[in-house]
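Engineer: Got a predicted structure here, sequence first:
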Amino acid sequence: MTTVLVALAVVPLLAAVLALLPGRLPAPAVSVAAGVASLVLALVLVPAAAAGPVAAGFLRVDAISAIFILATAFLYATTAVYSIGYLRGEHQRADFARYSRLFWVGLNLFAWAMLCAPLMDNLALLWIAVEITTVVSALLVALDGTRRGAEAAWKYVLIASAGLGIALLATIVAYSAGASVLGPGYDLAIAPLLGAGPMLPPSAVRLAFVLAVVGFGTKVGLFPVHTWLPDAHSEAPTPVSAMLSGSLLAVSFYAVLRYYQIATAALGGDFPRGVLLVFGMLSLLLAAMYLIEQRNLKRLLAYSSVEHMGILAIGTAFGAPLAYAGVLLHVLAHAAAKGNAFFGAGVLVRAYRTKDIERLRGGLDRLPWTAPLFLLAILALSAMPPFGLFRSEFLIVAGGLGSERFVPAAAMVALVTLAFLGLSMATTRMLFVPAETGPGAASAPRREPSAWMVAPMIVGVVALLVLGLHPPDTLSALIAQGAAELEGAR
């Protein structure tokens, strides 16, 4: 398994280098190969991580980190395929050769950083990996060269850098807490810190956890440090938006989970769960309200991401094994559903040449493949059966009720229902209202822009059905082991 860990950390980086170098190797083929290889490597890790941690030097994978690696690798592979069709629509750009090269290099570097973050057996290296995701993704957000894209990237850099500065302070405080017990030679490895949990100074751990939630929560998109997210996700190239929403936010939440483990080991569950419950509920409330009145298609999906990050925080706050299992399953299902939703949105925007929901009409008539697949993605994001997010949210609510968190569980159901209304109203207008109605309605040809943009959505729907109907036994074992690891930190 050592070779697998090293390969996961090397393959996307190698693809980025090959995409940068001039030569005969086409960057799209290299990137797709790297994405598929990363997914295969992540799948190989599943049974091994379900049996126990796998380590190689400063690389370490347990069941929790394997879940996040699998989600990122899946989205990396599907996004690479989708990007082939997406870039074919950019051929008219005068600087297409430069644009294409920067896109493929950036996409591979972005995936590399997000795969490396859960691989790190060290809080400092984890912070560095998350910081690298910020630098690379900010450049990708501004890649189109528009004024709005540059403004969104600049806002993203300012807010995310401030948040990661706070997260760095959390890392320093965590080191201080660990060194007071483990000695000055302590290197911020996660496992020793968890083992020393009951002996750690409570005040330092409490401070480190709050700083981590606020700092890394900036990248997660938790309220009130979410303000960069709608702008960046709406202005970035669509494949980048899919990676931002489906993977980057989750990887940042992974960092929060590691500090949560440390806090529960040192303090018990009440304090860290209370903090996550407040942030999660406020994020879910904000997202539900904005989804009701949103008119920009990609911003609609961005606020849906805020909603689902809030659900992850609430599920963790419930502190029950069933809820933990739901949270880990939610990470996988959200990656597939949000990737599909952005892929579909990208086709709609390409076909109609607008992001304005009020101008998007007749999608089911104009886009015979994309429109139904986009509809299924929205239903999946709304936690409708038989998709994976229905199963995950059911587990989270059941865990909340089982731990006697009746009011938060009921509030979560109510807010998720409100968010569903916002998503369903917008989707109904875009897909079911005839194309010729509505003021200023945009028109689109009756054809799909590219089969490359449709194929990944079919794969995503299959993944969502598998996760919802009957996850493979090895994956179920991995999720159960991850829930046990979160529970064992209590």
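Structural biologist: Happy to help now that I have it.
Engineer: contacts and neighbour counts: CA atoms only from here.
Structural biologist: Fine.
Engineer: Hmm, residue 21 and residue 101 touching each other?
Structural biologist: No. Between residue 101 and residue 21 there is no contact under Cα atoms under 8 Å: 9.2 Å.
Engineer: Before we move on, what's the pLDDT of residue 78?
Structural biologist: Confidence at residue 78, expressed as pLDDT, is 97.
Engineer: number of nearby residues for it?
Structural biologist: 27 (other Cα atoms under 10 Å).
Engineer: For residue 196, see how far away the closest residue to residue 201 other than its chain neighbours is.
Structural biologist: If the residues on either side of it in the chain are set aside, residue 201 comes closest to residue 177, at 6.1 Å by Cα to Cα, 6 or more residues apart in numbering. As judged by Cα to Cα, to the nearest Å, residue 177 and residue 196 stand 10 Å apart.
Engineer: Who has more neighbours out of those two?
Structural biologist: Per other Cα under 10 Å, whichever of residue 177 and residue 196 has more neighbours is residue 177, with 24 against 16.
Engineer: May I ask which helix or strand encompasses the more buried one?
Structural biologist: Assigned by DSSP states H and E, residue 177 falls within helix 147-182.
Engineer: Return the distance of that helix from the chain's centre.
Structural biologist: Here helix 147-182 is found 18 Å from its chain centre; the criterion is Cα atoms, centre = their mean, to the nearest Å.
Engineer: Quick check: buried residues in that helix?
Structural biologist: The neighbour-count check on helix 147-182 (16 or more other Cα atoms under 10 Å) flags 148-157, 159-161, 163-179, 182 as buried.
Engineer: where does the chain have low pLDDT?
Structural biologist: 23-25, 436-445, 489-490 (pLDDT under 70).
Engineer: again, only this time at 50
Structural biologist: 489-490 (pLDDT under 50).
Engineer: Could I get the full set of strands for it?
Structural biologist: 54-56, 59-61 (DSSP state E).
Engineer: Tell me which other helices or strands the last one touches.
Structural biologist: Helices and strands touching strand 59-61, by 3 or more Cα pairs under 8 Å, 6 or more residues apart in numbering; DSSP states H and E, are helix 2-20, strand 54-56, helix 96-119.
Engineer: Any buried residues in the longest one, and which?
Structural biologist: Neighbour counts using 16+ other Cα under 10 Å place 99-119 of helix 96-119 among the buried residues.
Engineer: Which of the strands of the chain has the highest mean neighbour count?
Structural biologist: strand 59-61 (a mean of 22; mean count of other Cα atoms under 10 Å).
Engineer: Just give the number of residues close to residue 146.
Structural biologist: Counted with other Cα under 10 Å, residue 146 comes out at 13.
Engineer: can you give me phi and psi for it?
Structural biologist: phi -90, psi 160 (degrees, to the nearest 10).
Engineer: Tell me how far it lies from residue 140.
Structural biologist: Taking Cα to Cα, one finds residue 146 at 12 Å from residue 140.
Engineer: what does residue 84 give?
Structural biologist: Distance from residue 84 to residue 140, by Cα to Cα: 16 Å.
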